[in-house]
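*Asks:* structure, please.
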Amino acid sequence: MNAATATTCDYGTLPPGVEHDGDTWTVHPHGLAPDDPQRIQAAVDLAAPGDTVRLTAGVFEFGDFGNVHIAKDLTVEGAWDAQAGAPATTIRHGAWPLLVGRRTPAEVPEVLPAGGREVWHITQDLFGRMFAPVNYPPYTEPGATAYDAQSDWVAVELSVRQIGFERPYGAAIWSGGQRGGTFERLHIASAWPMQTEALGGKPLGFGIFWVGPGWLPVELARRGWSYDDRLYSDTELIRGDRVVQDCVIAADFAAFPEAAPDEAGAVVTLPYDPASPMPPGGDYAAYVLQDVPFAWDAAGRPQADMIQLYWVRKGYTAKYFTWLPEPQVYGLRGIYTGVYSLWTEGALTLRQNALDGCDTGFMLLGNGYRGRRFTAIIERNTIDLAAADFHYEQAALFAHDYVLPNPFTGEPFVPAPGMDIEFTDNRITRRRAGLGWATPALDLGAYGSTLVEGNEIEIASGTGVWVWRSPRSTSVELNRIAGQGAYALAIDSGAVASTLRANNLSRFEPAGAGIPLDPPIPPAEILLLSDGNTVTGGWDHEPDVTVLDFGTDNIITGMTRQVGRPLSAAERATINSARDRK
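*Replies:* Take a look at the predicted model:
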């Protein structure tokens with residue numbers, strides 16, 4: 001059967017704009033929501049595992065909250081414009097437009113009447129109730145029956161190629177069950193951040209996001225809520241090898257205070273006034289109503305009597321930040337993290353991607369906790385971090401393992417086997433000035449091995465590379481770190497017996513306040529807070545480099561060694577606390 005005659009077949013009558021030919025399903029855009037996501041969903045539902053769903057050139061309009069849920073092995077492929085070097089297929093807007101692994105369709109938000117109009121209402125539990133793969137419903141009160149994610153979610157192998165995404169809500173691709181796949185030549189243009197206060201999180205937007213179901217019971221157990229213990233002990237939902245390559249993520253991460261306009265002159269956030277229920281400028285189509293909490297209970301849940309309703313311009317999420325010098329509501333837009341992996345196993349390769357305007361380029365948290373080791377191979381990427389005054393981590397790579405409580409025994413368990421990190425031949429620029437010493441461009445705290453080699457790193461403040469822990473081995477070699485900040489390289493007390501060799505620091509200027517202990521630890525090119533390290537000069541910078549040595553049995557060759565006083569347990573706790581507050 002050929003595509004020209006494939007309006008009826010064994011599958012019945014195909015939806016308009018959908019054609020079938022062998023193992024390929026071709027979908028043409030209509031340019032309207034909900035038609036476009038419904039057409040793609042129809043092709044996905046009819047396709048057999050291993051088939052290809054091909055999206056032709058043009059714009060698929062998903063509206064504010066449209067999405068396609070994929071719970072089978074597929075390839076989803078768009079058209080490519082060779083002359084422009086960019087996808088010719090675009091998915092515009094939508095909420096998690098490609099939701100991977102979940103059988104149940106995502107819901108849509110509630111609506112509220114305001115000034116005679118119906119407006120989307122972004123509630124506190126929206127993240128869990130509507131979208132999040134592993135927490136629908138978002139939590140289960142003690143004694144209640146837990147949601148069975150094992151039956152609702154399936155591990156799939158999905159490849160996505162040659163598609164552009166324009167400001168999706170939350171993430172372009174969100175996966176809660178994926179055993180493998182390749183993501184290549186995707187162009188993601190910013191994001192509409194999601195709201196996560198119901199789980200104590202930050203309002204975050206992502207390019208590509210994986211979350212293993214094992215994370216949630218641990219997180220919720222800390223708040224006294226129950227969950228299905230199968231989700232973290234042994235499940236294929238968290239295992240798989242994935243590749244992200246040749247993708248472009250343009251993030252435009254920024255924040256604007258309450259009632260302040262953005263660059264286009266549009267007010268981003270404004271309190272809702274029931275006496276005058278009108279959005280800024282009377283533009284109902286451009287705003288949503290969103291809950292913003294100002295206080296949380298002991299379990300980390302927002303207090304109902306401390307939630308204020310806000311008008312929030314579409315493309316932004318409102319958040320009350322208590323840790324600012326003057327706490328206030330901000331409207332955030334854009335991609336916080338380009339690629340995010342939480343509590344997964346296997347290998348993740350990030351190769352030849354270009355990230356511009358993210359607050360954090362790649363974030364890896366709590367991977368490799370059980371069963372298979374997690375290995376991240378990150379090579380030949382270009383990362384230009386957001387230059388906005390407001391920031392979170394501001395790291396090209398934030399890779400951390402944590403000791404967490406077992407939610408069913410209360411005993412702590414250490415990541416085993418944890419993460420291995422290989423970060424090589426990348427180009428990083430961070431122009432944001434005024435960041436403290438605890439905000440490094442590479443923020444590394446893995447329980448496996450860490451290799452940082454051949455990278456070009458330029459910073460305007462903070463620290464270039466900080467290794468917090470790496471019990472097996474750490475090697476930082478042949479990197480060039482330029483600019484100014486507290487430290488070019490720092491090895492914390494949890495990373496012993498590290499090797500630092502032939503790093504070029506000739507264009508790095510130690511500047512700033514250093515670590516504010518009493519007395520403070522001054523700025524320097526290299527800081528050692530652990531023992532048994534080997535530091536060897538190279539290239540063209542020795543012996544002008546200063547190594548502040550606060551450890552013991554460190555071997556330093558070809559550089560100036562400055563011996564520091566031993567730090568007390570309380571001082572080390574202060575340093576760790578500064579890191580954790582981020």
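*Asks:* just the CA trace of stretch 235-245, in CSV.
*Replies:* Listed next in CSV are the C-alpha coordinates belonging to stretch 235-245 (Å, rounded to 0.1, in the frame of the first residue of the first chain):
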residue,chain,number,x,y,z
THR,A,235,12.7,-1.4,37.8
GLU,A,236,13.5,-1.2,34.1
LEU,A,237,11.9,2.3,34.0
ILE,A,238,15.2,3.8,35.2
ARG,A,239,17.6,1.9,33.0
GLY,A,240,18.8,2.8,29.5
ASP,A,241,21.6,4.2,27.4
ARG,A,242,20.7,7.6,25.8
VAL,A,243,22.5,9.9,23.4
VAL,A,244,21.9,13.6,22.8
GLN,A,245,24.0,15.0,20.0
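*Asks:* got the contact list for the closest residue to Phe206 other than its chain neighbours?
*Replies:* With Cβ to Cβ, 6 or more residues apart in numbering as the criterion, Phe206 has its nearest non-adjacent residue at 3.8 Å, and that residue is Ala171. C-beta here means a position set from N, CA and C on the backbone, and glycine is covered the same way. Shown in contact with Ala171 (Cβ atoms under 8 Å, 6 or more residues apart in numbering): Trp96, Ala191, Met194, Gly205, Phe206, Gly207, Ile208, Phe209, Tyr340.
*Asks:* swap in Gly462?
*Replies:* Counting by Cβ under 8 Å, 6+ apart, Gly462 touches Gln394, Arg430, Leu435, Gly436, Trp437, Ala438, Thr439, Pro440, Ala441, Gly485, Ala486.
*Asks:* same check, this time on Tyr272
*Replies:* Counting by Cβ under 8 Å, 6+ apart, Tyr272 touches Ala114, Leu289, Gln308, Leu309, Tyr310, Trp311.
*Asks:* where in the chain is pLDDT low?
*Replies:* 1-12, 127-150, 198-201, 213-234, 298-300, 370, 404-410, 413, 539-542, 580-582 (pLDDT under 70).
*Asks:* which stretches of it form helices?
*Replies:* 35-46, 126, 149-152, 215-221, 230-233, 569-580 (DSSP state H).
*Asks:* wait, Leu348 touches Ala376, no?
*Replies:* Yes - counting by Cβ atoms under 8 Å, Leu348 does reach Ala376; the two are 5.1 Å apart.
*Asks:* quick revisit: of the contacts of Gly462, keep whichever come out buried.
*Replies:* Neighbour counting by 16 or more other Cβ atoms under 10 Å classes Gln394, Arg430, Leu435, Gly436, Trp437, Ala438, Thr439, Pro440, Ala441, Gly485, Ala486 among these as buried.
*Asks:* narrow these to those in strands?
*Replies:* Among the buried ones among the contacts of Gly462, the members falling in strands (DSSP state E) are Arg430, Pro440, Ala441, Gly485.
*Asks:* now, which of those sits nearest Thr450?
*Replies:* Within these, proximity to Thr450 (Cβ to Cβ) peaks at Pro440, which comes in at 12.9 Å.
*Asks:* so what's the closest one up against?
*Replies:* Pro440 sits next to Ala395, Gly462, Thr463, Gly464, Val465, Trp466, Ala490 when contact means Cβ under 8 Å, 6+ apart.
*Asks:* widest-spaced pair of the residues you listed?
*Replies:* Ala395 and Ala490 (13.5 Å).
*Asks:* of these two, which one has the most company?
*Replies:* Taking other Cβ atoms under 10 Å, Ala395 and Ala490 do not tie; Ala395 has more neighbours (30 against 27).
*Asks:* what sits against the more buried one?
*Replies:* Thr360, Gly361, Met363, Leu385, Thr439, Pro440, Ala441, Leu442, Asp443.
*Asks:* find the residue closest to the fourth one in space, skipping its chain neighbours.
*Replies:* It refers to Leu385. Arg430 (4.4 Å).
*Asks:* my guess is that neighbour contacts Gln394, does it?
*Replies:* Yes - using Cβ under 8 Å, Arg430 is in contact with Gln394, at 6.2 Å.
*Asks:* count the neighbours of Gly434 for me.
*Replies:* For Gly434, the neighbour count with other Cβ under 10 Å is 11.
*Asks:* now do Pro261
*Replies:* Neighbours of Pro261 under the rule other Cβ under 10 Å: 12.
*Asks:* doesn't Val268 make contact with it?
*Replies:* Yes - between Pro261 and Val268 there is a contact under Cβ under 8 Å: 7.2 Å.
*Asks:* what is in contact with those two at once?
*Replies:* Among the neighbours of Pro261, none is also in contact with Val268 (Cβ under 8 Å, 6+ apart).
*Asks:* at which residues are the strands of the stretch 251-400 of the chain located?
*Replies:* Along the stretch 251-400 of the chain, counting by DSSP state E, counting those that start in this stretch, strands occupy 254-257, 269-271, 287-293, 307-313, 316-321, 328-333, 337-342, 346-351, 354-358, 360-365, 374-379, 382-385, 397-400.
*Asks:* elements contacting the fifth one?
*Replies:* Secondary-structure packing of strand 316-321 (3 or more Cβ pairs under 8 Å, 6 or more residues apart in numbering; DSSP states H and E): strand 287-293, strand 328-333.
*Asks:* re the thing from before, mutual contacts of Leu348 and Ala376, please.
*Replies:* Residues within reach of Leu348 and of Ala376 at once, by Cβ under 8 Å, 6+ apart, are Ser341, Leu364, Asn367.
*Asks:* list the residues that contact the first one.
*Replies:* Applying Cβ under 8 Å, 6+ apart, we find Ser341 in contact with Trp210, Leu348, Met363, Leu364, Leu365, Asn367, Phe374, Ala376.
*Asks:* tell me the spacing between it and Arg242.
*Replies:* 8 Å (Cβ to Cβ, to the nearest Å).
*Asks:* between the two, which contacts overlap?
*Replies:* Common contact partners of Ser341 and Arg242 (Cβ under 8 Å, 6+ apart): Trp210, Leu348.
*Asks:* show me what contacts the residue lying closest to Met419 once chain neighbours are set aside?
*Replies:* The shortest distance from Met419 to any non-neighbouring residue, by Cβ to Cβ, 6+ apart, is to Ala446 (4.0 Å). Ala446 is in contact with Leu364, Ala399, His400, Asp401, Gly418, Met419, Asp420, Ile421, Arg469, Ser470, counting by Cβ under 8 Å, 6+ apart.
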